[in-house]
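Enquirer: Generate a structure from the sequence data that follows.
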Amino acid sequence: MKKELDYFYIEGSYGGNQEWFNDFFFRLGGCGAETACELCIFSDKYFKTKLYPFDIENLTKKDYSSFADIMRPFLHPRFSGIDKLSIYTEGFSRFLEERNADIMLTEFDGNREYSEAEKELKNQIDKGFPVSFLCLNHCDKRFKEYEWHWFIINGYDERETGLFVKAVTYSEYEWLDFQRLWNTGKERKGGMVFFSPSEKPKTRNSGLGTRN
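Expert: Just a heads-up that it's a prediction; the model follows:
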């Protein structure tokens, strides 16, 4: 079974991109803020919330970068990065509270068993909600580009070889083996944050528009 969520394009790019941010250091260390911006735009498009202060029907790189500047005080770059789920949820929650948003953020620690992680991730996607994922150090060189990085997961594909997830970052996506991604082989783990608006969004269950 393959399940993907509808997403959004910004001037032809799949989702946003921290390389568009206005500040050099924010472009380097703004991945946490980027995922928060992505979730806010997604929520506005499919839940009709009011988190994105620009035209949700005409998404532009300029407006996206300006929105990132608004998000920055809540999830700003720091020496060690946003390397804990609690730093992310505390900052993002303050942003949501200031906007009186009826949205819950739930942490799922990377030390929990893979079987639990697979179950909860699929449950989140089945409900129609993207997932913020934090990958810290990883023993598998396949995930080198994802180390110390926040990104979005907005789909899954149950294959004969196991569960693959649709990882979105830098305006691109690819399908990753979720068990290999989860089992980092390192003592210190990242994990997931579940974002749950109050209403059910439009979703799709389709294999269209994907790449392997």
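Enquirer: Just give me the residue closest to the centre of the protein.
Expert: With distances taken as CA atoms, centre = their mean, residue 152 lies nearest the centre of the chain, 2.5 Å away.
Enquirer: How is that one assigned, secondary-structure-wise?
Expert: Residue 152 carries the three-state label strand when classified by DSSP: H, G, I helix; E, B strand; the rest coil.
Enquirer: need the contact list for it.
Expert: Residues in contact with residue 152 (CB atoms under 8 Å, 6 or more residues apart in numbering) are 15, 35, 38-39, 130-133, 167-169. C-beta coordinates here come from the backbone N, C-alpha and C atoms, glycine included.
Enquirer: what's the farthest-apart pair in the residues you listed?
Expert: Across the contacts of residue 152, no pair lies farther apart than 39 and 167, at 14.8 Å, counting by CB to CB.
Enquirer: in which helix or strand would I find residue 101?
Expert: If you go by DSSP states H and E, residue 101 is not part of any helix or strand.
Enquirer: gap between it and residue 48?
Expert: 12 Å (CB to CB, to the nearest Å).
Enquirer: quick one: which of these two has more around it?
Expert: Of the pair residue 101 and residue 48, residue 101 is the one with more neighbours under other CB atoms under 10 Å, namely 18 against 11.
Enquirer: any idea of the pLDDT on that one?
Expert: Note on residue 101: pLDDT of 94.
Enquirer: ok, it to residue 1 distance?
Expert: Counting by CB to CB, the gap from residue 101 to residue 1 is 31 Å.
Enquirer: Next: residue 166.
Expert: For residue 166, the distance to residue 1 equals 13 Å [CB to CB].
Enquirer: overlap in contacts of the two?
Expert: Counting by CB under 8 Å, 6+ apart, the contacts common to residue 166 and residue 1 are residue 157.
Enquirer: With neighbour numbers in mind, choose between these two.
Expert: More crowded of residue 166 and residue 1, by other CB under 10 Å: residue 166, with 23 against 9.
Enquirer: Quick check: that one touching residue 181?
Expert: No - with contact defined as CB atoms under 8 Å, residue 166 does not count as touching residue 181 (11.8 Å).
Enquirer: which other residues reach the helix or strand that contains residue 125?
Expert: Assessed by DSSP H and E, residue 125 sits inside helix 114-127. Helix 114-127 is touched from outside by 3, 5, 108, 130-131, 153-156, 163, 165, 178-179, 182-183, 192, 194, 196, 200, with contacts defined as CB under 8 Å, 6+ apart.
Enquirer: Could the C-alpha coordinates of it be exported in CSV?
Expert: C-alpha atoms of helix 114-127 as CSV (Å, rounded to 0.1, in the frame of the first residue of the first chain):
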residue,chain,number,x,y,z
TYR,A,114,11.2,0.6,15.4
SER,A,115,7.9,-1.3,15.5
GLU,A,116,6.3,1.5,17.5
ALA,A,117,7.8,4.1,15.2
GLU,A,118,6.5,2.4,12.1
LYS,A,119,3.0,2.1,13.6
GLU,A,120,2.8,5.7,14.7
LEU,A,121,4.2,7.2,11.5
LYS,A,122,1.7,5.3,9.4
ASN,A,123,-1.1,6.3,11.7
GLN,A,124,-0.1,9.9,11.4
ILE,A,125,0.1,9.8,7.6
ASP,A,126,-3.2,7.9,7.5
LYS,A,127,-4.8,10.7,9.4
